[in-house]
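Asker: Just need the structure, nothing else, for what follows:
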Amino acid sequence: MVQVLDTTLREGEQTPGLYFDSHIKLVVARMLDEIGVDYIEAGHPVVTSEIQNAIKQIAHVGLRATVAAHARSLKKDIDLALECGVGFIGIFYCVSDERLNTVFNKNLSQAIQQISEVIRYAKSQNKNLIIRYTPEDTVRSPWKNVVEASVAAIEAGADIISIADTTGFMVPGTERNLYDFVRRLKEEFDKRDLNPKVAVHCHNDRGLALANALDGYRGGADIIDATVLGVGERAGLVDLATLLTVLRVDFKENRDWKLEKLPELYELVSRFSGMAVPANYPITGQNAFTHCAGIHTQAAAVDPLHYESLNPELVGRKRQISLDHMSGISSVRFALSQIGELSLEDPLVLKILDKIKSVGTKGKTVDFAELRYIVDWCKEHKD
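Answerer: Have a look, this model is predicted:
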């Protein structure tokens, strides 16, 4: 059974210009908890005292989800996270040869020693603390380095190893795919009788974050990271709503996720992040369950499955008909029925359709309120 970690409040705030005030962070965390994510990564406490205080508040409100904090492989970061009262600390340290040589000025052995010491220290402070170790830029680092660092981290007390596709480098169906990467890493752990959970953290630089996350899931990943609206560094991460919906519908994950709460969560995050939900976004976008072309609306009126593969009610949405220059008689009659106009004669309906098409050619759509005005206008101008 896969678990989901939401990092909107940590990775999401690495989106340029995005910051949530502490009272909004608390509301977001509560909504994520209500939806049913397993882990909420609430921030990196060393960044600012305000972030630290927000993490502390979230960690102490009694959420079902485990609240996590981010930390470098430094004891001072661990101490700040522990002061927040979190039940999960994510520790990261890149072990690529280039980063070791040019940024950290350490060899692999020295880096592994630092990683292990920090993990042992964190566990000594709280034996029940969940520790995740992430070899940052995992998939582009030498395989030997990743395995050695991960094994040492597990032996020091790490519970989770996160495979970070930090630059959105992986591509399903090629030699660099997460399905094989996850399987190989788990095989290495099995050889040593180690059994950590394996997480995948997929960036969207190539637009493949969701595809890569699902590839990793098929390979045996236990945890998938995601964010609301896919926010995060550069092109962001896996979109939470799409991930949960696909896992539930297509992979039959029998989790008690309250998917009907997703629109409310996305509206909240959109409002206070200043980032609009793209109209064509899957699941939560305005157009996700809106039919436009006449032939589509005619078929959907008979059976929605002709042009839908998801039931909008599953995710708290309703099916809609868009009225514009693409509309046909079926969509207009459906819309008229929604405003109580059930007995209009064909000539009048055709006149209403012509007016709607005229409005549509100006790049606009007609909502039900405007449809009522059009109906009244057409009744008054029958000739």
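Asker: Got phi/psi on the residue lying closest to residue 176 once chain neighbours are set aside?
Answerer: Leaving aside its chain neighbours, residue 176 sits nearest to residue 170 (5.4 Å; criterion: CB to CB, 6 or more residues apart in numbering). No exception for glycine: its C-beta is placed from N, CA and C like everyone else's. Main-chain dihedrals, residue 170, degrees, to the nearest 10: phi -80, psi 150.
Asker: Repeat that for residue 94.
Answerer: phi -80, psi 140.
Asker: Give me the distance between it and residue 343.
Answerer: Using CB to CB, to the nearest Å, residue 94 is found at 70 Å from residue 343.
Asker: So the two - more neighbours on which side?
Answerer: Shown here are residue 94 and residue 343; by other CB atoms under 10 Å, residue 94 has more neighbours (22 against 6).
Asker: Is it correct that the more buried one is in contact with residue 135?
Answerer: Yes: in this structure, residue 94 is within contact of residue 135 by CB atoms under 8 Å, at 6.5 Å.
Asker: Need the residues touching each of those two.
Answerer: Residues touching both residue 94 and residue 135 (CB atoms under 8 Å, 6 or more residues apart in numbering): residue 141.
Asker: how about residue 100, what does it touch?
Answerer: Residue 100 neighbours (CB under 8 Å, 6+ apart): 94, 106, 107, 108, 111.
Asker: Tell me the one among those nearest to residue 374.
Answerer: Closest approach between those and residue 374, by CB to CB: residue 94, at 60.5 Å.
Asker: would you list every one of the helices in the stretch 201-350 of the chain?
Answerer: 209-218, 240-249, 262-273, 294-302, 329-338, 346-360 (DSSP state H, counting those that start in this stretch).
Asker: what does the stretch 51-200 of the chain give?
Answerer: Going by DSSP H, counting those that start in this stretch, the stretch 51-200 of the chain shows helices at 75-84, 97-99, 108-125, 143-156, 178-191.
Asker: Tell me which residues are up against the third one.
Answerer: Surrounding helix 108-125, the residues in contact under the criterion CB under 8 Å, 6+ apart are 73-75, 78, 82, 89, 91, 93, 95, 97, 100, 104, 106, 129, 131, 133, 145, 148-149, 152-153, 155-158.
Asker: any low-confidence regions in this protein?
Answerer: 291-307, 383 (pLDDT under 70).
Asker: and it, what are its domains?
Answerer: Residue ranges for the domains of the chain, per automatic domain parsing: 3-273, 290-380.
Asker: export these to CSV and tack on distance to residue 281?
Answerer: What follows is the domains of the chain, written out as CSV (distance: least, CB to CB, whole Å):
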stretch, distance to residue 281
domain 3-273, 8
domain 290-380, 12
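Asker: Name the stretch among those domains that sits most buried.
Answerer: domain 3-273 (a mean of 19; mean count of other CB atoms under 10 Å).
Asker: Just the endpoints, please. Distance across stretch 80-92?
Answerer: 15 Å (CA to CA, to the nearest Å).
Asker: returning to that earlier point: let me have the helices of the stretch 201-350 of the chain in a markdown table, adding distance to residue 23 as columns.
Answerer: Below are the helices of the stretch 201-350 of the chain laid out as a markdown table (distance: least, CB to CB, whole Å):
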| stretch | distance to residue 23 |
| --- | --- |
| helix 209-218 | 30 |
| helix 240-249 | 21 |
| helix 262-273 | 10 |
| helix 294-302 | 41 |
| helix 329-338 | 38 |
| helix 346-360 | 42 |
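Asker: Looking at those, which is nearest to residue 378?
Answerer: helix 346-360 (4.8 Å).
Asker: helix or strand right after the closest one?
Answerer: Next helix or strand after helix 346-360 toward the C-terminus (DSSP states H and E): helix 368-380.
Asker: Remind me what that following helix packs against, helices and strands.
Answerer: With contacts defined as 3 or more CB pairs under 8 Å, 6 or more residues apart in numbering; DSSP states H and E, helix 368-380 has these neighbours: helix 329-338, helix 346-360.
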